[in-house]
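K.L.:
build me a structure from this.
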Amino acid sequence: MGKKLHTDEQISIGEKALKGAADLIKLLPSGTVFVFQFLTPLLTNAGHCAMFNKVLSGLLLFGCAFSCCFSCFTDSYVGKDGKLYYGLVTAKGLWSFSDPDSSSIDLSKYKLRLGDFVHAFLALAVFAVVAVLDADTVSCFYPALLLQEKTLLMVLPTVVGGLASGVFVVFPNNRHGIGYSPTRPTEDFTTQELELN
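P.N.:
Numbering: from 1, shown residues only. Sure thing, here's the model as predicted:
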């Protein structure tokens, strides 16, 4: 019996490690990173920026950073009709974007938490690392930093990734915001939501 308990503990630790890795992957919306990686060479003129390129690149950086932070304050639920709906997390609960029957469902359990702000800060930090490690962005805004890029490439992702992973142990992420589907099938959510009413 003691051996089985040890195996259960290993599974539990393994599951926690995988959950932490999944939370770290969820930190940045993949669409945002794709848009950034796709548009940066175009807007920075492959790192040879004029003032117009700097303005456009700055707007792209701001928009992508905003997207990363904003997604931390969204969540989803399944309505009575079985469809997935998204909303904005507020102090009173979830404010639905498009569900006409949202008032008939208790959305107060989706209240704003300290962890949401922590995740938004970490999303911003991880995106900043992605931006700083992009050669076109660096040569456009901080050409002197190109000489130190090898050191940054080795140190920065490890430090920020380790910090973010450690924080996820304290503030686990259980939101399923825009771009992140629920972990359970829709039917489970529908049944659960219907039982609440």
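K.L.:
what's around residue 155, how many residues?
P.N.:
Around residue 155 there are 11 other residues, counting by other Cβ atoms under 10 Å. Where you see a C-beta, it was placed from the backbone N, CA and C, and this is true even at glycine.
K.L.:
show me what counts as buried in the helix or strand hosting it.
P.N.:
Per DSSP states H and E: residue 155 is located in helix 149-170. Under the neighbour-count criterion of 16 or more other Cβ atoms under 10 Å, helix 149-170 has 149, 156, 160, 164-165, 167-168 buried.
K.L.:
the bottom helix or strand of this structure by mean pLDDT?
P.N.:
In the chain, no helix or strand scores lower on mean pLDDT, DSSP states H and E than helix 186-196, which sits at a mean of 46.
K.L.:
please, where are all the helices along this protein?
P.N.:
Using DSSP state H, the helices of the chain run over residues 2-26, 30-43, 51-71, 114-132, 135-141, 149-170, 186-196.
K.L.:
show me what contacts the nearest residue to residue 145 once chain neighbours are set aside?
P.N.:
Counting by Cβ to Cβ, 6 or more residues apart in numbering, residue 145 lies nearest to residue 138, which is 5.1 Å off, once chain neighbours are set aside. Neighbouring residues of residue 138 by Cβ atoms under 8 Å, 6 or more residues apart in numbering: 47, 132, 145-146, 149.
K.L.:
got those residues as JSON lines, with distance to residue 54 and pLDDT columns?
P.N.:
Shown next, in JSON lines, are these (distance: Cβ to Cβ, whole Å; pLDDT from 0 to 100):
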{"residue": "47", "distance to residue 54": "11", "pLDDT": "85"}
{"residue": "132", "distance to residue 54": "16", "pLDDT": "84"}
{"residue": "145", "distance to residue 54": "15", "pLDDT": "73"}
{"residue": "146", "distance to residue 54": "16", "pLDDT": "71"}
{"residue": "149", "distance to residue 54": "19", "pLDDT": "67"}
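K.L.:
out of those residues, who's the most crowded?
P.N.:
Counting neighbours by other Cβ under 10 Å, residue 47 comes out on top of those with 19 neighbours.
K.L.:
surely that residue meets residue 141?
P.N.:
No. Between residue 47 and residue 141 there is no contact under Cβ atoms under 8 Å: 9.9 Å.
K.L.:
now for residue 60, how many residues are close by?
P.N.:
If you count neighbours by other Cβ under 10 Å, residue 60 ends up with 19.
K.L.:
ok, it touching residue 43?
P.N.:
Yes. Between residue 60 and residue 43 there is a contact under Cβ under 8 Å: 5.6 Å.
K.L.:
sorry, back to before: which members of the contacts of residue 138 define the maximum pairwise distance?
P.N.:
Across these, the longest distance by Cβ to Cβ is 13.7 Å; it joins 47 and 132.
K.L.:
buried residues, stretch 57-67. List them.
P.N.:
Buried positions in stretch 57-67, judged by neighbour count with 16+ other Cβ under 10 Å: 57, 60-61, 64-65, 67.
K.L.:
before we move on, the earlier item: out of the contacts of residue 138, which one sits closest to residue 81?
P.N.:
Among the contacts of residue 138, and counting by Cβ to Cβ, the member closest to residue 81 is residue 132, at 44.6 Å.
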